[in-house]
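Novice: Below is the sequence, then the predicted model.
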Amino acid sequence: MRNETQVKKSGFEPKILAFCCNWCSYAGADLAGTSRIQYAPNVRVIRVMCSGRIDPTFILRAFQVGVDGVLILGCHPGDCHYIDGNYKTARRIHMLKKMLSQLGIEDDRLRLDWVSAAEGKRFASIINDMTERIRALGPFVR
Amino acid sequence: MSDVRIGIFVCHCGKNIGGVINVPEVTEYAKTLPDVVYAEHNLYTCSAEGISSIRQKISEHKLNRVVVASCTPRTHETLFRNACEAAGLNKYLFEFVNIRDQCSWVHMQEPEKATEKARDLIRMGVAKARLLEPLEEVEIRVTPSCLVIGGGVAGMSAALNLANQGFEVYLVERDKELGGLLLNLNRLFTINGKAEEVIIPLIERVKNHQKIKVHTSTEVKGVAGFIGNFDVTLDQKGEERKIKVGTIIVATGAEVLKPVGQYGYGDKSNILTQLELEERLNKGMGDEQNIVMINCVGARIPERPYCGRICCMVAIKNAVLIKENDPRAKVWVLHRDLMTYGTEFEKYYQKAMEKGIRFIRYSLDKPPEIVGNNKVKAVKVYHQLMGKEMVLPCDMLVLTTPLIPHEDNQDISRMLRVSLSEHGFFLEAHLKLQPVEFATDGIYICGCARWPTDVPEAISQACAASAKAVIPMRRGYVRPEAITASVNEDKCSGCGTCVLLCPYNAIELQSKDGKKLAHITTAQCKGCGTCGAACPSGAISMNHFRDEEILAQVEALVI
Amino acid sequence: MTLEDIIKETKTYYCLECGKCSSLCPISRHNPSYSPRLMLEKALTGFEGDLINDQELFSCLTCYNCSLKCPADVDYPLFMQKVRTLAFAQGRYGVPADSGILQSFMRLMLNPAIEQRRLEWLSDEYRISEKGNILFFVGCAPYFEFAFEDFEAGALNIAKDSLKILNTLGIEPMVLADEKCCGHDLLWTGDVESFRKLAEHNARIIKESGAKKIIFSCPEGYRTFKFDYPHYVDLDCELQHITEFLAENMGKGMLDFKEVKKKVTYQDPCRLGRHLGVYEQPRKLIEAIPGIELIEMEHTRDESICCGTSAWTNCDAYSKQIRTERLLEAKATGAEMLITACPKCQIHFRCAMVSKGEEKGPDVEMDVMDIVNLVASALEDNGSE
Amino acid sequence: MNNSVLIIGGGIAGIQAAIDSANMGFQVCLVEKSPSIGGRMAQLDKTFPTNDCAMCILAPKMIEAGQHANIKLLTYSEVLSVEGEVGKFKAKIKKKARSVDEEKCTGCGICIEKCPWKADSEFDAGMGKRKAIYVPFPQAIPNVPVIDREHCAYFLKGKCRACERFCEAGAINYDQEDEIIEVEAKAIILATGFDLYDPTPLREYGYGRIQNVITAMEYERLSSASGPTAGELKRPSDGKIVSDIAFIQCVGSRDVRSNRYCSSVCCMYGTKEAILAYEHRPGTKSTIFYIDLRAVGKRFQEYIQRAEDEYNITYIRGRPGNIELNRRNQNPTIWYEDTTTGETKSLEVELAILCQALIPPRDIQKTASILSIELDEYGFVKTPDGLSHPVDTTRAGILACGCVHSPKDIPDSVVQASAAAARAAEILSGGT
């Protein structure tokens, strides 16, 4: 699945897609901005109301079109604006990860994490960490 | 040819965006995107000039989708949506692209990469905007009346508040009389006034209020419908009656635990609960000289971990009354923590100490033991803070027990489709910020049915529940979230996955043409989209975040 | 007075059983079997016998460290004073220090036939008046002088230097030859009847003297006159500790200090400090002497630590530990001298430095001096000594 | 301006009362003395017993209040006088000069970035710095800065004007003056909350003298991801990240020398803060000193149980006597009696946190005299009969909710806020 000849890992800039829920993680991403915390420019955020909205299809489609890594960011357990949407996401992603591993897709390419509206710094460090991990893995090739 | 006409407005936000991102270049790029017919950049799109430009360009270029690339939807979406609406465009045809908080501000040292990211984000925004659909905010009429279940101090207070605001109230009480738990109390802390002096006038006011219809000896037998339109069946001793209400307040209270089998309660004649002591105090005490009270009987134990919240004050109140009645009497209160929280209760505790009531701390590891056969003669207690066993002579043992939920809370919760917490009390929508609301719109909760409360707290909660109930009734309609889920009945298999997942009980399976199909009560849907993500048949569509829209965004990420 | 009365009077019923008293108590920190809180618990639960027979009943220093910080406003030292009265009535009086020699003297004084020769030390260099407005209450210094001869208690010098300073200010106070013990120690060990007799005697002779104002160099006498006498006798006089009086009159230009190059630290006596609230005047006085550098100890003012014994009772190993620690704290400041304002503090500290045949502990040697002696030694034209 | 309900105080109680009243259809004027609404809750890291992030649940309410068509926000404003009676109150409100034009300001923040002058941040409880032109915190509503004229070089020395130079919206206005606004209201809701007890007078605990003795609110800001240390529990003396800490309950509460009442929430917030310490650094040991563990709310006992079982938190029954400083390592040493064993001991920790009392707002006397309402012996707002009118004051038409009545937790404050809105609605409907 990896094309190691085309791009040298060192010069590779991964494209990462992040799904953020409106109430916690998207607000946390905004706070990173208002706090001017600098992080890797590799992520593109799609806002949804709740991480519970994220259909596995979206993630699979992202890999299909050549996104190198997908991040799902929700509210911390117990903090969900919609009572318990994030628990449902957790279960769903857990299942999806098992399936992806069957396909030989590296575990690091899909990550589920929690960011609160007060955690601008955490948001930034997750993005940086994800970017580095994907950079190390190299591009995901269609 | 597509008839989609998109207009894009890119904001410099002074230097905030423009200082990092090449805004003119991005604007030019935006013009090349499919269906984009117009693009401009503004120093501040949110300024008066920016807003009027949006309105002007909508009509000038017959725009039917608008994209603003600027700060964050969390603070500015409403503003831009309103600008669209003012120009006659459905506000859901607006899409926000965040190029400041999540782009220029966080990549200040990398202007080129930030510009590239802005291009990507705008492309993704346009991809979604092309597919946006207008949404109608439907209005649901709200019947301006409320059903209050429970005629105790909470229920009556809620009813009065609603009725005084001019709304019709059906107050349903299962007992013969209004009044609830307070009917059995002697005096009320911390004022130590007679309970009847509070409850009787309240009952009179409720009974005499022309807006309140009191139904005693009546139970709620069935509830159907949703906010604004509940169909309620009342059952008065077998006689059924149907009413229609817009809102429902649950104020069914709680009951005092009877500690059967504990410390010899039930076997020995001189053991009472605090509630039974109230009656004795009301009628007149005997000549008991040594009174021992044990707190936390049946509370803060593994089987019932919660604290009864008000029991300490009940014990203090009755201890003081005994002492005032006969200053020679000795009163011991055995406790595990005195929960006299706040200003008034702590003072109440101090007053009791002044009066000579003595408090002894015991631990759950070494609970008090009683001495005596047919009657309690003494109580043995290990004084935890002296490390010493004491034997207290005892003419009367009083057990302080917590309020516990009614057993039939279960039935009410099923009927109303609201939840109970693990303790058996009703579960609010959010413990901190929505303490008197249920997750289901239009149904509210107050008083001891939610959690043990004293009288002022019950009244506060009753008024709070009334405040929530009155909002839709005053308005006369509810406009539920337009961003909701909807079911494509042709695709629905009736599997019920969504029904189980919905945190708001907004989905149920309904029979239609011989098939079981998911039906979403739009008025109850909050738009989280969990159902849509899980629907195996792809039958549920989440408005404004439809699969097509999100997939288009995903696909646009990579050119 | 019953135990219940005591509970009411001292507001013990408010006790939150929080243990703040015990955690602040200098005795409790060393002696695991003593806890002020447990004393109160015994009272509140009606274990009167246990309370009265408690070995530790007389260990309390009545230093007010606990009460001053008590969140429930319980007057624990007063509680002790009153409960000891109950105990005394049953023949309990703790372990008197020095075989009870001082208590014996106090009680001997009760004998009306006794004719004291307590002013023999008064030489001509001190000017006193037969009649006047101001009375100097000498206190027990003459007795202490002999009782603690072996480590130079210097108690009498306090009396002498007090007079010297007053004279410098142009004051020639009355001193009374028939003055008796103020009764402080008897009161605090439960002997109320003896205390009453001493109080009555002192009140009578002071009234006869016509004094309008009494100056004390001993904080215990001051405290006793101020807070305890009013419950037993009627005596309408203005009362002042000599440091208060001097601080008040310092600015009048009559006290000229010469330079004393010394680093000193100051021990707040419990009575003067926490009981009476006199913290600033002694400091003001010390700092008025040129060349003196006053360095505060870690625990100072209202947080100061007691010298370890009160009322010549229950002076035990824990008492010694307390004062050893206090001396180490004083030394840690780098000061050369420890100044105090109570003759008993001085006696107790000096005692702690004497190693009576025991294994040598930490080095606690340090100069100790009463503030009165310090001030007198700093006066220009230092004639005496 | 004609408003139906005047609400004084823009913390969670005031915000909730405003939103409820506005949603009922009434015109609301919400007056807040600081530059942003949000109040004390905005300062909190997380909230017990759910450990919700405070800002996550508060910010949407702030935005709702800020954007509601029926709510007029007057921040950085104070009520000067109230005349009239129920149904026809007239209030004079001083809108203090922000030195920034609210209409022109876009909230871009460039002025703050460029301002060279700093002052202690009130929002960070003095643990961090802010600029002389500032918004109290990033999520502030309104997102319009204010020039603190006491720290601004231009106002002090007549030089600088950096903010003006960089503001492209031309919103800086040094000549702006205080404005007096008259507001008519049929009912008034007082929700000015509480202040925090300053433990300096309790010298035995060494606050102000021992660097590693801090207050609970200071801890809250240290713990907060948006705080001055970005959520790292760095102690003040040396920036060391702590892993052994202690909390002292009833500092300024249940104490005749400060406040005799119980502050209601400290046992719980202390527990929460200890749990957060563990979450920041698993394994962290916390000791909580208490007298009575007052955990009376829903799920509170379970919270305490979890704290003990899962978060390495030890509860010791005993109110410490004093805190001493270990000069070698700057650790505070806490002296206490474990009252369940009768032993007097000491415990050395890396950081000691004083769970300070909630006290009436420091200007409550002034507020009370402006509104002609009575206060109780502690300075909290008195209810008319102590029982049946829990959100009323002694004056008809003036209601009160939240901590200004007595210390209480967030759910109870929110309940009272809604209740006050309901009572106001009753009054506005012609009832009593």
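Specialist: That came in fine, so what should we check first?

Novice: Every contact and neighbour count from this point should use C-alpha atoms.
Specialist: Will do.

Novice: which residues touch residue D:256?
Specialist: C:70-73 (Cα atoms under 8 Å, 6 or more residues apart in numbering or on different chains).

Novice: next one: residue C:278
Specialist: So residue C:278 contacts C:244, C:272 (Cα under 8 Å, 6+ apart).

Novice: Could you tell me the phi and psi values at it?
Specialist: Per-residue torsions, residue C:278: phi -90, psi 100 (degrees, to the nearest 10).

Novice: now the residue nearest to residue D:326 when sequence neighbours are not counted, what's its secondary structure?
Specialist: Leaving aside its chain neighbours, residue D:326 sits nearest to residue D:332 (6.1 Å; criterion: Cα to Cα, 6 or more residues apart in numbering or on different chains). Using DSSP: H, G, I helix; E, B strand; the rest coil, the structure places residue D:332 in strand.

Novice: neighbours around residue D:332, how many?
Specialist: 26 (other Cα atoms under 10 Å in any protein chain shown).

Novice: just the strands in the stretch 301-432 of chain D please.
Specialist: D:313-317, D:322-326, D:331-338, D:343-348, D:351-356, D:358-359, D:398-400 (DSSP state E, counting those that start in this stretch).

Novice: How confident was the prediction at the closest residue to residue D:102 other than its chain neighbours?
Specialist: The shortest distance from residue D:102 to any non-neighbouring residue, by Cα to Cα, 6+ apart, is to residue D:144 (6.4 Å). What the model reports for residue D:144 is a pLDDT of 95.

Novice: In contact with residue D:144, which residues are there?
Specialist: Applying Cα under 8 Å, 6+ apart, the residues near residue D:144 are D:100, D:102, D:105-107, D:135.

Novice: pretty sure residue B:352 contacts residue B:316?
Specialist: Yes - in this structure, residue B:352 is within contact of residue B:316 by Cα atoms under 8 Å, at 6.6 Å.

Novice: Look at those two and report which has more neighbours.
Specialist: The residue with more neighbours, out of residue B:352 and residue B:316, is residue B:316; 27 against 21, by other Cα under 10 Å.

Novice: Any idea how many residues pack against residue B:358?
Specialist: Neighbours around residue B:358, by other Cα under 10 Å: 18.

Novice: do residue B:286 as well
Specialist: By other Cα under 10 Å, neighbour count at residue B:286 equals 8.

Novice: where does it land in three-state SS?
Specialist: Applying three-state DSSP: residue B:286 is coil.

Novice: Got the phi and psi for it?
Specialist: The phi/psi pair for residue B:286 (degrees, to the nearest 10) is phi -80, psi -150.

Novice: care to break chain B down by domain?
Specialist: The record's domain split for chain B, according to automatic domain parsing, is B:6-135, B:141-254+B:405-478, B:257-403, B:485-543.

Novice: Mind putting the ones you listed into CSV with mean pLDDT and distance to residue D:369?
Specialist: Below are those laid out as CSV (pLDDT from 0 to 100; distance: least, Cα to Cα, whole Å):
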stretch, mean pLDDT, distance to residue D:369
domain B:6-135, 94, 38
domain B:141-254+B:405-478, 96, 25
domain B:257-403, 96, 22
domain B:485-543, 90, 45
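
Novice: how about a markdown table for the ones you listed, with distance to chain C added?
Specialist: A markdown table is the format used below for these (distance: least, Cα to the nearest Cα, whole Å):
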| stretch | distance to chain C |
| --- | --- |
| domain B:6-135 | 48 |
| domain B:141-254+B:405-478 | 18 |
| domain B:257-403 | 6 |
| domain B:485-543 | 46 |
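
Novice: which stretches of the stretch 251-400 of chain B form strands?
Specialist: Under DSSP E, counting those that start in this stretch, the stretch 251-400 of chain B gives strands at B:255-256, B:271-273, B:290-294, B:330-335, B:358-361, B:369-371, B:378-383, B:388-393, B:396-399.

Novice: Let me know which of these is tucked in deepest.
Specialist: Stretch with highest mean neighbour count among those: strand B:396-399 (a mean of 26; mean count of other Cα atoms under 10 Å in any protein chain shown).

Novice: Could you list every helix and strand that it packs against?
Specialist: strand B:271-273, helix B:274-283, strand B:290-294 (3 or more Cα pairs under 8 Å, 6 or more residues apart in numbering or on different chains; DSSP states H and E).

Novice: what about those, which gets the closest to chain A?
Specialist: Proximity to chain A, assessed across these by Cα to the nearest Cα, is greatest for strand B:290-294 (36.6 Å).

Novice: so which of the helices and strands packed on strand B:396-399 gets nearest residue B:241?
Specialist: With Cα to Cα as the criterion, residue B:241 lies closest to helix B:274-283 of the helices and strands packed on strand B:396-399, at 35.3 Å.

Novice: give the contact list for the residue of the stretch 101-250 of chain B found nearest chain D.
Specialist: The minimum distance from the stretch 101-250 of chain B to chain D, using Cα to the nearest Cα, falls at residue B:165 (5.3 Å). Neighbouring residues of residue B:165 by Cα under 8 Å, 6+ apart: D:425-426, D:429-431.

Novice: Around the residue lying closest to residue D:26 once chain neighbours are set aside, how many other residues sit close by?
Specialist: Excluding its sequence neighbours, the residue lying closest to residue D:26 (Cα to Cα, 6+ apart) is residue D:4, at 5.9 Å. Residues lying near residue D:4 (other Cα under 10 Å) number 25.

Novice: Need the residues that contact the helix or strand harbouring residue B:50.
Specialist: Secondary structure assigned from DSSP states H and E places residue B:50 in helix B:48-60. Contacts with helix B:48-60, where a contact means Cα under 8 Å, 6+ apart, come from B:7, B:9, B:42, B:44-45, B:63-64, B:80, B:83-84, B:86-87.

Novice: hmm, 6 Å instead?
Specialist: residue B:87 (Cα atoms under 6 Å, 6 or more residues apart in numbering or on different chains).

Novice: need the next SSE after it, C-terminal direction.
Specialist: Next along from helix B:48-60, by DSSP H and E: strand B:65-70.

Novice: Quick one: list the elements packing against that following strand.
Specialist: strand B:6-11, strand B:94-98 (3 or more Cα pairs under 6 Å, 6 or more residues apart in numbering or on different chains; DSSP states H and E).

Novice: If you rank the contacts of residue D:144 by neighbours, which is first?
Specialist: The contacts of residue D:144, ranked by neighbours (other Cα under 10 Å): first place residue D:135, 24 neighbours.

Novice: Can you name the residues of chain B that neighbour chain A?
Specialist: When proximity is defined as Cα under 6 Å from any Cα of the partner chain, chain B approaches chain A at B:101-102, B:105-107, B:528-530, B:533, B:554.

Novice: So what touches the helix or strand bottoming out on mean pLDDT in chain A?
Specialist: Least confident helix or strand, chain A: helix A:85-102 with a mean of 87, by mean pLDDT, DSSP states H and E. The contact list for helix A:85-102 (Cα under 6 Å, 6+ apart) reads A:51-52.

Novice: mind listing what's buried in that helix?
Specialist: Judged by neighbour count using 16 or more other Cα atoms under 10 Å in any protein chain shown, the buried positions of helix A:85-102 are A:85-90, A:92-93, A:96-97.

Novice: Distance from it to the middle of the chain?
Specialist: Centroid displacement of helix A:85-102 relative to its chain, using Cα atoms, centre = their mean, to the nearest Å, is 13 Å.

Novice: quick one on the thing from earlier: will you turn the contacts of residue B:165 into JSON lines that also has neighbour count?
Specialist: Below are the contacts of residue B:165 laid out as JSON lines (neighbours: other Cα atoms under 10 Å in any protein chain shown):
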{"residue": "D:425", "neighbour count": "28"}
{"residue": "D:426", "neighbour count": "22"}
{"residue": "D:429", "neighbour count": "13"}
{"residue": "D:430", "neighbour count": "12"}
{"residue": "D:431", "neighbour count": "14"}
